[in-house]
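Undergrad: would you be able to build a 3D model of this:
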Amino acid sequence: MRKHAAAGRGFPTLLAPLVLLVASAPCLASWSIEDARSTAEIHGLYEIREEARGFVARENAAGRGEGVALDPNLKILVARCAVPLKTQWTPRSYGMTGRNVMVSCAQVAPPHKAWNVHVPVTTAALRAKHLPPGR
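TA: Model (predicted):
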């Protein structure tokens, strides 16, 4: 009898995290990179992605590829840049898989340090094959 009573106490303990997860699902599903805009302290991933897209569009127009910049890693958080962002192809020596655009900030307010964010690039054909329309 004692085993059954102990086992019964575990159910409420497991139920609480499950309820929290289900309740927060609509919030998580509704967040997108368009919501990740710059603030006074943070440089937004939306603006970083747009810089990468502009760079790739210029490269495509110059005949140096036909890529599409994807979203940067959504876990990244960087300080607001005090100077215009710079973009270039991520050097192969960085060991990244596939093509990436390196979006760089050379100057931020102290105590923060300069940063680089690597934005993955794919071909337009692969993007159309694997992503839903409108993304």
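Undergrad: all the strands of the chain, residue numbers only.
TA: 42-43, 67-69, 78-79, 86-89, 99-105, 115-123 (DSSP state E).
Undergrad: what helices and strands are in contact with the first one?
TA: Going back to what we said before, that points to strand 42-43. strand 78-79 (3 or more C-beta pairs under 8 Å, 6 or more residues apart in numbering; DSSP states H and E). Every C-beta, even on glycine, is put in place using the N, C-alpha and C of the backbone.
Undergrad: low-confidence stretches in this structure?
TA: 1-30, 124-135 (pLDDT under 70).
Undergrad: first to last residue in stretch 32-45, what's the distance?
TA: Counting by C-alpha to C-alpha, to the nearest Å, you get 10 Å between the two ends of stretch 32-45.
Undergrad: for that stretch, which outside residues touch it?
TA: 46-47, 49, 71-72, 74, 76-81, 105, 117 (C-beta atoms under 8 Å, 6 or more residues apart in numbering).
Undergrad: before we move on, what about stretch 63-77?
TA: By C-beta under 8 Å, 6+ apart, stretch 63-77 touches 33, 36, 42, 45, 48-49, 52-53, 55-56, 59-60, 99, 101, 103, 117-124, 127.
Undergrad: list the buried residues in that stretch.
TA: 67, 68, 69, 70, 71, 72 (16 or more other C-beta atoms under 10 Å).
Undergrad: any chance of the contacts of stretch 32-45 in TSV, plus distance to residue 87?
TA: TSV is the format used below for the contacts of stretch 32-45 (distance: C-beta to C-beta, whole Å):
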residue	distance to residue 87
46	15
47	12
49	11
71	15
72	12
74	19
76	16
77	20
78	15
79	18
80	17
81	12
105	11
117	10
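Undergrad: residues contacting residue 104?
TA: 85, 86, 87, 88, 114, 115, 116, 117.
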